[in-house]
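Engineer: output the structure for:
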Amino acid sequence: MKTSDSVDISFVVIGYNEGEHLKKCLKSAQKANTEKITSEIIYVDGGSQDNSIEIAKKAGIERILGGDKRRRAAENRNLGFQHSRGRFVQFLDGDMVLDPHWPQKAFAFLSSHEKSAAVCGKIKEINPSVFYQALQIDWSESEGTIDYCGGSAMWRRDVFETIGGFPETVAYGEEPYLCWRVRNELGFNINFLDSTMVDHNLDYSGFRDYWYRNVRCGETYAEIAYLCHNTRDRLWLTMTVSNIVWSVFLIAALLLFIFGSIAAKAWVAILIFIILFRKALQMMMRNTKLSVSISYAVHVYFSKLPLAWGECRWFFRSWARKSLKT
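Structural biologist: Residues are numbered from 1 along each chain as shown. Purely as a prediction, here's the structure:
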């Protein structure tokens, strides 16, 4: 509900059981460089069972929403937007720490680029381990126009209102699907700046968490690919098919390595080595450290398995739901 006393930037922070992470996130928004820019901070709680709301109150956040029931991220962001007053709205997740210089940079960019609906920047993974630094590679973009951004980005208010906010009908991929609609239905751009936007701690609790998140990501790929498949801009369709093809190949290679002859085992080992070496070499040519490049290569191909499983699971569940209706 935008009022006449609008501000330049609304910071909409969403969280669910974020605890101490939330305290750092809110503090970073409060201490951001907003010289000559008017701003406000809104916290939307997704039904936390910890002390997140008390943390927000102690931080001095005057506008605290939600907390009454469990809500998904899209619902939380839309609720925060509805109560914001900013010409531009910067969405943040509660486990992120805003770079103090980002608001000024994003504000200046959107103010001077009228065809840009949203702008995002680099997400800096704070965990120094090789594994986490490898995962961060997937978040790297070249400065300029991109197909989609994540949940953390600064949006132009009028465009966000016109398109209807984050779609709440999809399970997870609300951010890329929103960007797809903005690009295809309204003709606006999504932009990436080569500047740090937030610090982030992915904080996997173990292999099970890594597997589960990739399965969920696969479900997201499948759903968005299905929604966009009958259009000129077939977002994620190629990636969805590729994940399944690669998974079939990897499973076949594993079976051949286990049950095949010695010669077959040797050929499989050589082929896998060539595939991983090629990917690692590509990363090293981009000035990525050897250890991070190797870790990234393993992640890229191993993750095909949970991604493909998530895709197949989504298609099966979708087919099952349709069968029940008929």
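
Engineer: surely residue 97 forms part of a helix?
Structural biologist: No. Assessed with DSSP: H, G, I helix; E, B strand; the rest coil, residue 97 is strand; it does not lie in a helix.

Engineer: I'd like to know how many residues surround it.
Structural biologist: Neighbours of residue 97 under the rule other Cβ atoms under 10 Å: 19. Any C-beta I mention is one placed from the backbone N, CA and C, and that applies to glycine too.

Engineer: show me what it is bridged to.
Structural biologist: Per DSSP bridges, the residues bridged to residue 97 are residue 199.

Engineer: was I right to think it contacts residue 22?
Structural biologist: No. Counting by Cβ atoms under 8 Å, residue 97 stays clear of residue 22, with 10.6 Å between them.

Engineer: next, work out how far apart residue 218 and residue 126 are.
Structural biologist: Residue 218 sits 26 Å away from residue 126 when distances are taken as Cβ to Cβ, to the nearest Å.

Engineer: these two: who's more crowded?
Structural biologist: Regarding residue 218 and residue 126, a neighbour count based on other Cβ under 10 Å identifies residue 218 as having more, with 27 against 13.

Engineer: the more buried one: which element?
Structural biologist: Element membership of residue 218 [criterion: DSSP states H and E] is helix 207-228.

Engineer: could you check the angle helix 207-228 makes with the helix or strand following that helix?
Structural biologist: Next along the chain after helix 207-228, taking DSSP H and E as the criterion, comes helix 237-259. If you take axes from the mean of the first three to the mean of the last three Cα atoms, to 10 degrees, helix 237-259 sits at 140 degrees to helix 207-228.

Engineer: which residues are in contact with the closest residue in space to residue 313 that isn't next to it in sequence?
Structural biologist: What sits nearest to residue 313 in space, not counting adjacent residues and going by Cβ to Cβ, 6 or more residues apart in numbering, is residue 219, at 6.4 Å. Residue 219 makes contacts with 171, 172, 310, 311, 313, 314, as judged by Cβ atoms under 8 Å, 6 or more residues apart in numbering.

Engineer: please apply the same query to residue 165.
Structural biologist: Residues counted as contacts of residue 165 (Cβ under 8 Å, 6+ apart) are 74, 77, 78, 81, 178.

Engineer: quick one, phi/psi of it?
Structural biologist: Torsion angles at residue 165 (phi, psi; degrees, to the nearest 10) stand at phi 80, psi -170.

Engineer: ok, the one 5 residues further on next?
Structural biologist: Phi and psi for residue 170, reported as degrees, to the nearest 10, are phi -100, psi 150.

Engineer: and what of residue 59?
Structural biologist: Dihedral pair for residue 59: phi -80, psi -10, per degrees, to the nearest 10.

Engineer: same deal with residue 12?
Structural biologist: The phi and psi torsions at residue 12 (degrees, to the nearest 10) take the values phi -110, psi 110.

Engineer: identify the residue nearest it in space, chain neighbours excluded?
Structural biologist: Closest to residue 12 by Cβ to Cβ, 6+ apart is residue 80, at 3.6 Å.

Engineer: likewise residue 151?
Structural biologist: Closest residue to residue 151 apart from its sequence neighbours, by Cβ to Cβ, 6+ apart: residue 175 at 5.2 Å.

Engineer: from residue 57, how far off is the one you found?
Structural biologist: Residue 175 is 28 Å from residue 57, by Cβ to Cβ.

Engineer: phi and psi next, for residue 194.
Structural biologist: Dihedral angles (degrees, to the nearest 10) for residue 194: phi -80, psi 60.

Engineer: just give the closest residue to it, not the sequence neighbours.
Structural biologist: Residue 194 sits nearest to residue 143 (Cβ to Cβ, 6+ apart), 4.1 Å away.

Engineer: and residue 37, by the same measure?
Structural biologist: Using Cβ to Cβ, 6+ apart and skipping residues adjacent in sequence, the residue nearest residue 37 is residue 8, 4.5 Å away.

Engineer: same question for residue 95.
Structural biologist: Leaving aside its sequence neighbours, residue 95 sits nearest to residue 21 (Cβ to Cβ, 6+ apart; 4.4 Å).

Engineer: contacts only, for the one you found.
Structural biologist: By Cβ under 8 Å, 6+ apart, the contact list for residue 21 reads 15, 94, 95, 201.

Engineer: buried members of those into ChimeraX, please.
Structural biologist: Entered in ChimeraX, the line below selects the buried ones among these, by 16 or more other Cβ atoms under 10 Å:
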select :15,94,95
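
Engineer: look up phi and psi at the one residue sitting closest to the centre of the chain.
Structural biologist: By Cα atoms, centre = their mean, the chain has its centre lying nearest to residue 150, at 3.7 Å. Note on residue 150: backbone dihedrals following degrees, to the nearest 10 are phi -90, psi -170.
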